[in-house]
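1. mind folding the following:
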Amino acid sequence: MKTKGTVALKCTILIASISIIVFLWGFLIPWEWSYVDEPGFVLANQETLRTHGVLGLFQAAISTTQSLADVGRVRPAYSVFVHSYLLLGPNLAHAGRLLMVIGTFIIVLYQLRGRFRYSPHKSTVYSWSLLLLAGNYTLFDGLYWSALSELTGVFLVSLGLWTKNSYLKGSLFLLAALGKEPFIWLVLAFSVYEWLSGRRRSGFLFVSLGILLSAVIYVQARQGSYTSGTSTDFVSTILSGAPKVAVAIAPWALVLVIGTIVLRPKWKPTGLSTVFFVAGTGYLFTVWLWGPQGYLMGPVAFLCTVALTQGLVDIKPLFTSRIFVGSFTGISVVLAFLIVGWSGMKAIERNDFVVGTREWTLANGSGKVIAVNQIEATVRIAQINEIVWPGWTGTLIDYGKQPSDFVIVLTDFGEPAFEQSCEPVESWKRGYIRPTLCNSSIN
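-> Numbering: from 1, shown residues only. Alright, predicted model coming up:
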């Protein structure tokens, strides 16, 4: 029987271990902002603090919300996030992102405790659930891209899952939707669940807010310059996006299928499992129409994983021998850590490339013209250089605009291209090399 002292010791060891891991992740690696949005917000925050002080950040968040509304996005919580969280600096910001991942994992697994506390298959259930969470590999893009709202939203949802208070739970779900619109499905599903469960006040409150926010999201999406072109030809859009959806969820789906065959789980739908299933399905439909590229799919598998774990009541392994069950448990844990570790290495490689590019341009690019084959990266590299060395005198241009002294070749995701070439490279390959820097006067 566990004593209070034993539980306290385990909790202390867990907290200490997490603290060490997060600290090493945040400060052992020389983190830099990525080529996705962060440098622009960091410069804006610095200028705002310099001219208007801390209170100016509120106005900056309002301005960003208005700018996003002009392009069709309704994301006030995201605006507040980028004008506050990014003040931490790249090291603390990346440490916080890992803490979000760990916190999400712990909360989801802790939800199983009441049903499987005395189950002989407790370890197996935990390990399979852990592997389901880890198999959702696209979510871990948020480990490096600190401004991505997918991981932030998932963490807020997990906090909502943890709390017992209906108003706090709904508020956290709503906050996630105000940071990333497709989470509105979770708000709507939860509000209906609250109403049907007899909690009419909270149900009425969140269904009202959910319907209102849904209407605003729809109207803005149809009018915004960025979102108005979204196709309403459902059939062709779904067919064309199917390969991307399959790639994004394939590892997670494989873990689900194998676990279902081997463990023969027994599910019993509950209120919350239904809420999260509806939310996951709605989220999938929304991003599928929008364009289901990698990181956008992370919340889908997460919401479906929560739906599965909330409705899981028992497992009956296909083979009951201790060796088989123990092997499955051990392999699941190892694979989960390998997947998360691989995602962490990808984040480090991406960062290493950005740092290498920054250091090279600062050291060799003063007074030179450097062409970059990805338009957004051109702006981000210039912004990062301005953050690090405001007096840098080099010039960064889009490839092909004018003769240049050097060319930096990137893939579509701002990662280094494999090909050593001065020509623009369009490649979906993922890998790590130093920047492709070519003497050129004819591009």
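2. helix or strand for the residue nearest to the spatial centre of the chain, which one?
-> When CA atoms, centre = their mean is applied to the chain, the residue found nearest the centroid is Leu151 (3.1 Å). In the assignment (DSSP states H and E), Leu151 maps to helix 149-162.
3. and that helix, what does it pack against?
-> helix 76-82, helix 90-110, helix 166-179, helix 298-311 (3 or more CB pairs under 8 Å, 6 or more residues apart in numbering; DSSP states H and E). (C-beta placed from N, C-alpha, C; glycine too.)
4. list the buried residues in the second one.
-> Neighbour-count burial for helix 90-110, with 16 or more other CB atoms under 10 Å as criterion, is recorded at 90-102, 104-105, 107-109.
5. show me where the chain has strands.
-> Listed in chain order, the strands of the chain (DSSP state E) span 265-267, 312-315, 369-372, 395-398, 406-408.
6. Thr163 is nearest to which of those strands?
-> strand 312-315 (20.8 Å; CB to CB).
7. flag the helix or strand of the protein with the lowest per-element mean pLDDT.
-> strand 406-408 (a mean of 76; mean pLDDT, DSSP states H and E).
8. what residues does Met345 make contact with?
-> Shown in contact with Met345 (CB atoms under 8 Å, 6 or more residues apart in numbering): no residues.
9. send the alpha carbons of stretch 188-205 over as CSV?
-> Below are the C-alpha coordinates for stretch 188-205, written out as CSV (Å, rounded to 0.1, in the frame of the first residue of the first chain):
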residue,chain,number,x,y,z
LEU,A,188,-20.0,24.1,-29.1
ALA,A,189,-19.9,20.4,-28.3
PHE,A,190,-19.0,21.1,-24.7
SER,A,191,-21.9,23.6,-24.3
VAL,A,192,-24.4,21.1,-25.6
TYR,A,193,-23.0,18.5,-23.1
GLU,A,194,-23.3,20.9,-20.2
TRP,A,195,-26.9,21.6,-21.1
LEU,A,196,-27.9,18.0,-21.5
SER,A,197,-26.1,17.2,-18.2
GLY,A,198,-28.4,19.6,-16.4
ARG,A,199,-25.9,22.4,-16.0
ARG,A,200,-28.2,24.8,-17.8
ARG,A,201,-26.5,28.1,-16.8
SER,A,202,-23.0,27.1,-18.0
GLY,A,203,-24.5,25.4,-21.0
PHE,A,204,-26.5,28.5,-22.1
LEU,A,205,-23.5,30.7,-21.5
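10. give the buried residues for stretch 319-336.
-> When neighbours are counted by 16+ other CB under 10 Å, the buried residues of stretch 319-336 are found to be 325, 328-329, 332-333, 335-336.
11. counting by contacts, list what the least confident helix or strand of the chain packs against.
-> Packing contacts for strand 406-408, counted by 3+ CB pairs under 8 Å, 6+ apart, involve strand 369-372.
12. how far out from the middle of the chain is the strand it packs on?
-> 31 Å (CA atoms, centre = their mean, to the nearest Å).
13. ok, and what's touching it?
-> 361, 378, 381, 394-408, 410, 440, 443.
14. quick one: average pLDDT of it?
-> This predicted structure assigns strand 369-372 an average pLDDT of 80.
15. list the buried residues in that strand.
-> Buried-residue list, strand 369-372, by 16+ other CB under 10 Å: 369-372.
16. from the chain's centre, how far out does stretch 83-103 sit?
-> For stretch 83-103, the distance to the chain centre is 12 Å (CA atoms, centre = their mean).
17. for stretch 345-365, that is, sorry about that
-> 22 Å.
18. please apply the same query to stretch 377-384.
-> With CA atoms, centre = their mean, you get 22 Å for stretch 377-384.
19. now stretch 167-187
-> Taking mean C-alpha positions (CA atoms, centre = their mean), stretch 167-187 and its chain are 15 Å apart.
20. so for that stretch, what's the average pLDDT?
-> 96.
21. ditto for stretch 243-263
-> 91.
22. just the buried residues of that stretch, please?
-> Residues of stretch 243-263 classed as buried by neighbour count (16+ other CB under 10 Å): 244-245, 248-249, 251-252, 255-256, 259, 262-263.
23. what is the nearest of the buried residues of strand 369-372 to Ser208?
-> For the buried residues of strand 369-372, the minimum distance to Ser208 (CB to CB) is 47.8 Å, reached by Val372.
24. in the sheet, who's paired with that closest one?
-> For Val372, the beta-bridge partners are Asp398, Ile408 (DSSP bridges).
25. cool, Ile315 as well?
-> The partner residues for Ile315, given DSSP bridges, come to Pro265.
26. where does it land on pLDDT?
-> You'll see Ile315 listed with a pLDDT of 89.
27. just the one 4 residues further on next, same as before
-> Phe319 is assigned a predicted lDDT (pLDDT) of 82.
28. and the one 4 residues further on, by the same measure?
-> For Ile323, the pLDDT comes out at 88.
29. over to Val80?
-> pLDDT, read off for Val80, is 96.
30. and if you look at the one 4 residues further on?
-> According to the model's per-residue confidence, Ser84 sits at a pLDDT of 95.
31. how about Leu112?
-> 90.
32. who's in contact with it?
-> So Leu112 contacts 125-126, 129, 309, 312 (CB under 8 Å, 6+ apart).
33. which of the residues in stretch 160-175 are buried?
-> Those buried within stretch 160-175 under the rule 16+ other CB under 10 Å are 160-162, 166, 169-175.
34. and of the buried residues of strand 369-372, the nearest to Leu139?
-> Val372 (28.6 Å).
35. quick revisit: my guess is the residue nearest to the centre of the chain contacts Leu99. True?
-> No. The criterion here is CB atoms under 8 Å, and Leu151 misses it with Leu99 at 10.8 Å.
36. and the contacts of the helix holding Leu151?
-> Contact partners of helix 149-162, identified using CB under 8 Å, 6+ apart, comprise 75, 78, 81, 97, 100-101, 103-104, 107-108, 110-111, 139-143, 168-173, 175-177, 179-180, 183, 186, 272, 295-296, 298-299, 302-303, 306.
37. from Leu133, how far off is the residue nearest to Val306 when sequence neighbours are not counted?
-> Of all residues not flanking Val306 in the chain, Phe276 sits nearest, at 4.5 Å (CB to CB, 6 or more residues apart in numbering). Distance, Phe276 to Leu133, using CB to CB, to the nearest Å: 13 Å.
38. what do you get for Phe58?
-> For Phe58, the distance to Leu133 - CB to CB - is 35 Å.
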